[in-house]
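>>> generate a structure from the sequence data that follows.
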Amino acid sequence: MNILPKLWYIGALLLMAFCSLGKLAAQNLKKEFPQTLTVAIKNPLNQQRNDVMVLIKKDDLLKLAPSFNPEAFVVLDGKKEIASQYNSKDANKKGIVLVLDQMAANESRKLTIRYNKQGTASRSYTKRTQAELSHKVGGRFENRKYIGGASFENVDSLRVPDEVTDHSYYIRYEGPGWESDKVGYRFYLDWRNGTDVFGKTTKDMVLQQVGQDGYDSYHELQPWGMDVLKVGKSLGVGTLAMFHNGQANRVAETDSMISVISENGNVYSSILTNYYGWQVAGLTMDVQSQLGIHAGSRLTHHQVQATGANPDNLSTGLIKDKRSTLHTSKGSNDKWGYIATYGKQSLNGEGDNLGIAVLFRPKDFITFSEDVNSHIVQLKPNQGQVEYFFLAAWELEPEGIKTEEAFLQYLNKTATELAQPVQVSLSKK
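Predicted coordinates for the structure are as follows:
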């Protein structure tokens, strides 16, 4: 018996059913989210971009659509719904954030925002970023060590107790952590204030399990990855400092510190830390630090605001490691500058290949420097403000960068993309 006609008939019925479901889903979206806006996005580069973050600013949204409801909206690329979130706490990135998997060279694309003026709508997206801060509860401080306490508790903010110092065993993995599906980071929320790297062997979120078993077991390779960078007295990767008397001075002496998880979303997460009364080089200033990361990216965006003094530089940089090679670029009109190292400088056994870098605006560049522990780039604050990006690329991460040549290609591509970001405009449909 010839079954081909029957198979064709069944296939046609299935196709009709899928089409009907698609039309029904589109009709439901229109009914649930009747209001629309159009987002035009342009890639100005003659090269493909991957994992492109798009920010549709709150002010632009409300100017065009005063009734926009951040509690009930979706973003569509044609008929495809794109994972998105609304940032309300990150002052530097308030509005809708989404990540496009890819944009072709010189591509222009239009997305649709559909929203409902009233109500709420729960959308389920894969979690691709995370930020957290966790400390022990149920114990007490003795001689600046936290004694007792059977568990850690995640908190949205923490005023660091005066008793906290390095290895107080109070804050899980010693500070706030943030990650994407590429890499994780932490900084020490004490007098060291150095930034460290968690290399990941998975795209899953992992910070929630780090330091839960044995406190610092992350120094050895775990199923999810490990701490891959030695920080010590250095700048680690991207640590904030001021260059004075021939050395990089980290944010060590302060009156107090408050750290806040400003966003913990599926596609973007960030941490805000206020340092009050930083004393350095005869100056006293307050510093606000905003760290952010988006899905699909190794980059952490660091935005800094100093008030109360006018420092002649705010500096950052990388740990010196004899196993790595230093690369620097002052940048140009169409490319950000960078300071980077690459080599077998990870903490895993004999050392895996690890690339670390800081990227900065050429107009902010003062000079490259060094001290005993760090490679340094000095940056010129503008009214106390400076911004830069830092990154780490471990060869054991999924689809990891395994050679110095590939790392430099990635770094130069990234430096070009930062100089020429995607262009975003909003209109009514």
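>>> so what are the domain limits for the protein?
27-120, 129-398 (automatic domain parsing).
>>> tell me which of these is the most buried.
Of all the domains of the chain, domain 129-398 has the most neighbours on average by mean count of other CB atoms under 10 Å, namely a mean of 20. For the C-beta atoms, the positions are set from N, CA and C on the backbone; glycine is no exception.
>>> got the end-to-end distance for that domain?
16 Å (CA to CA, to the nearest Å).
>>> ok, F360 touching W336?
Yes. Using CB atoms under 8 Å, F360 is in contact with W336, at 6.3 Å.
>>> can you list residues touching both of the two?
F389 (CB atoms under 8 Å, 6 or more residues apart in numbering).
>>> need phi/psi at T38.
Backbone dihedrals for T38, given as degrees, to the nearest 10, come out at phi -110, psi 130.
>>> quick one: it and L111, what's the gap?
7 Å (CB to CB, to the nearest Å).
>>> between the domains of the chain, which one is closest to V422.
domain 27-120 (5.6 Å; CB to CB).
>>> pLDDT of the closest one, averaged?
Averaging pLDDT along domain 27-120 yields 96.
>>> in the protein, which spans are helices?
Here the chain has its helices, by DSSP state H, at 4-32, 58-64, 404-419.
>>> how far does the last one sit from its chain's centre?
Put simply, helix 404-419 sits 17 Å off its chain's centre (CA atoms, centre = their mean, to the nearest Å).
>>> what helices or strands is it leaning on?
strand 324-329, strand 337-343, strand 354-360, strand 385-394 (3 or more CB pairs under 8 Å, 6 or more residues apart in numbering; DSSP states H and E).
>>> partners of the third one, with directions?
Partners of strand 354-360 in the sheet, by DSSP bridges, are strand 337-343 (antiparallel), strand 385-394 (antiparallel).
>>> give me the mean pLDDT for the shortest one.
For strand 337-343, the mean per-residue pLDDT is 98.
>>> how about it as CSV, C-alpha atoms only?
Provided in CSV are the C-alpha atoms of strand 337-343 (Å, rounded to 0.1, in the frame of the first residue of the first chain):
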residue,chain,number,x,y,z
GLY,A,337,41.9,51.9,23.7
TYR,A,338,42.8,48.9,25.9
ILE,A,339,45.4,47.3,28.2
ALA,A,340,45.3,43.5,28.1
THR,A,341,47.3,40.4,29.0
TYR,A,342,47.1,36.9,27.7
GLY,A,343,48.8,33.6,28.6
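>>> now it against strand 324-329, angle please.
Inter-element angle recorded for strand 337-343 and strand 324-329: 160 degrees (by axes from the mean of the first three to the mean of the last three CA atoms, to 10 degrees).
>>> and of the strands paired with strand 354-360, who's closest to D51?
Closest among the strands paired with strand 354-360, using CB to CB: strand 385-394, at 12.7 Å.
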